[in-house]
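Colleague: next comes the sequence, and after it the predicted model I'd like to discuss.
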Amino acid sequence: MWKDRANRGLYLFEGSSDDPGNRTWQIFNHVLDESNSDTYISRDFYNVQQTAGGLPDGVSFDQFLGMIQGHVRSELEGSSFDDDFSDEDFKQAALTFDDNIRRHIRFLNGVVHQGAPGEVHVALWNLILESRGDSRSIYSCYSDYLVDA
């Protein structure tokens, strides 16, 4: 089912000249190759923001990462992409992938370039930076977005 929905997204966003639409097309194209990762930081933006002081006792970075990561393929299976959605409703739901990814990139970029950024924020930022150069990562779709200066 997720493949049908990803293909629908490809069709609806094909030829998009605006950045969110074009990047959303890239995301769908990326996840259709099942050897590519569909994992991205998506959940709990509040807790991502609140980790400046570190993680709670007993929570490792990998555990935290597991709590805040989403998967495009499984999210395409969910009710946010109901087959009965109009094309416009589907497009609006699909744009949330790009919006979530860019929101985290912008936030982390801003935080790590301020004085004394938190360790978790730096680790998340470094993960994204490293992942942008990995063609198997969904962040490769963002290799030219907000290039670190």
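Modeller: Yes, it's here.
Colleague: who touches the helix or strand bottoming out on mean pLDDT in the chain?
Modeller: One helix or strand of the chain scores below all others by mean pLDDT, DSSP states H and E: helix 45-49, with a mean of 82. Applying C-beta atoms under 8 Å, 6 or more residues apart in numbering, the contact partners of helix 45-49 are 41, 67-68, 100, 103-104, 107-108, 124. For the C-beta atoms, the positions are set from N, CA and C on the backbone; glycine is no exception.
Colleague: list the residues that contact Leu95.
Modeller: 20-21, 24.
Colleague: an error on my part: the question was meant for Leu76.
Modeller: Counting by C-beta under 8 Å, 6+ apart, Leu76 has contacts 1-2, 5-6, 31.
Colleague: would JSON lines of the contacts of Leu95 with neighbour count be doable?
Modeller: Output for the contacts of Leu95, formatted as JSON lines (neighbours: other C-beta atoms under 10 Å):
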{"residue": "Pro20", "neighbour count": "17"}
{"residue": "Gly21", "neighbour count": "18"}
{"residue": "Thr24", "neighbour count": "25"}
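Colleague: coming back round to it: neighbour count and distance to Val59 added to the contacts of Leu76, as CSV?
Modeller: Putting the contacts of Leu76 into CSV (neighbours: other C-beta atoms under 10 Å; distance: C-beta to C-beta, whole Å) gives the following:
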residue, neighbour count, distance to Val59
Met1, 11, 33
Trp2, 18, 30
Arg5, 24, 33
Ala6, 22, 33
Val31, 23, 28
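Colleague: quick one: least confident of these?
Modeller: Least confident by pLDDT among the contacts of Leu76: that is Met1, with 92.
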